[in-house]
Each structure stands twice: as structure tokens, then as C-alpha cells.
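Colleague: Pasted the sequence and its predicted model underneath.
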Amino acid sequence: MKKILLIIWVLMWSPGYILMYWRYFFPDKGRFSASQVQNTRHLKRKHLFAPIYALGIYFLILVFF
């Protein structure tokens, strides 16, 4: 049951997960900049920050469409 809930959680917040991995693997600046450290911290707490990013993406979609 717990695994099914995790799968539903990840699917629901998948835009946030995708954005976090995109920011981690394709940083704006150098590999060792302060933003890269922040991306690493967010990726370590991915189940907390993915919904936050996904809600931001969903809000932007709602505003523009």
C-alpha cells in the first residue's frame, strides 16, 4: 500500500521532480556555484520540494491559460 501511495505522489508532483532534476543536471552557472549547492539541498529533500515546485508550475499554467 505504501508503494502505491508513493507512486501516486510522484505522478501527481512529477513536474516538480522533473524541474529539480533538470536544475541539478543542467545548472545555469558553473558546477560548483552557490545555486548548485542549493539544488543539491533541494534534491536531498525532493519529496518536500517537488510539490512546492509543481504547485508553482500549476499556478503559472492556471494564470496563463
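Modeller: Received it, and whenever you're ready, just let me know what you need.

Colleague: can we go C-alpha only for contacts and neighbour counts from here?
Modeller: Fine.

Colleague: Low-confidence regions, the protein specifically.
Modeller: Where the chain drops to pLDDT under 70, the residues are 30-32.

Colleague: And the contacts of whichever helix in it runs longest?
Modeller: Ranked by number of residues, the top helix in the chain under DSSP state H is helix 46-64. Applying CA atoms under 8 Å, 6 or more residues apart in numbering, the contact partners of helix 46-64 are 13-17, 19-20, 42-43.

Colleague: Sort out which residues of the host helix or strand of Ile8 are buried, please.
Modeller: If you go by DSSP states H and E, Ile8 is part of helix 2-12. Residues Val10 are the ones in helix 2-12 that count as buried (16 or more other CA atoms under 10 Å).

Colleague: Which strands or helices does the very next helix or strand once past that helix pack on?
Modeller: Moving toward the C-terminus from helix 2-12, the next helix or strand (DSSP H and E) is helix 14-25. Counting contacts by 3 or more CA pairs under 8 Å, 6 or more residues apart in numbering; DSSP states H and E, helix 14-25 packs against helix 34-44, helix 46-64.

Colleague: Any idea which of these gets closest to Leu5?
Modeller: Closest to Leu5 of the helices and strands packed on helix 14-25, according to CA to CA: helix 46-64, at 12.6 Å.

Colleague: what are the C-alpha coordinates of that closest one, in CSV please?
Modeller: What follows is helix 46-64, C-alpha atoms only, in CSV (Å, rounded to 0.1, in the frame of the first residue of the first chain):
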residue,chain,number,x,y,z
LYS,A,46,13.0,16.0,-3.0
HIS,A,47,9.7,14.8,-1.6
LEU,A,48,9.3,18.1,0.2
PHE,A,49,10.4,20.5,-2.6
ALA,A,50,8.8,18.7,-5.6
PRO,A,51,5.3,19.6,-4.5
ILE,A,52,6.3,23.2,-4.0
TYR,A,53,7.8,23.5,-7.5
ALA,A,54,4.9,21.6,-9.0
LEU,A,55,2.3,23.9,-7.3
GLY,A,56,4.3,26.9,-8.8
ILE,A,57,4.2,25.3,-12.2
TYR,A,58,0.5,24.5,-11.9
PHE,A,59,-0.2,28.1,-10.8
LEU,A,60,1.7,29.5,-13.8
ILE,A,61,-0.3,27.3,-16.1
LEU,A,62,-3.5,28.4,-14.5
VAL,A,63,-2.6,32.1,-14.8
PHE,A,64,-1.6,32.0,-18.4
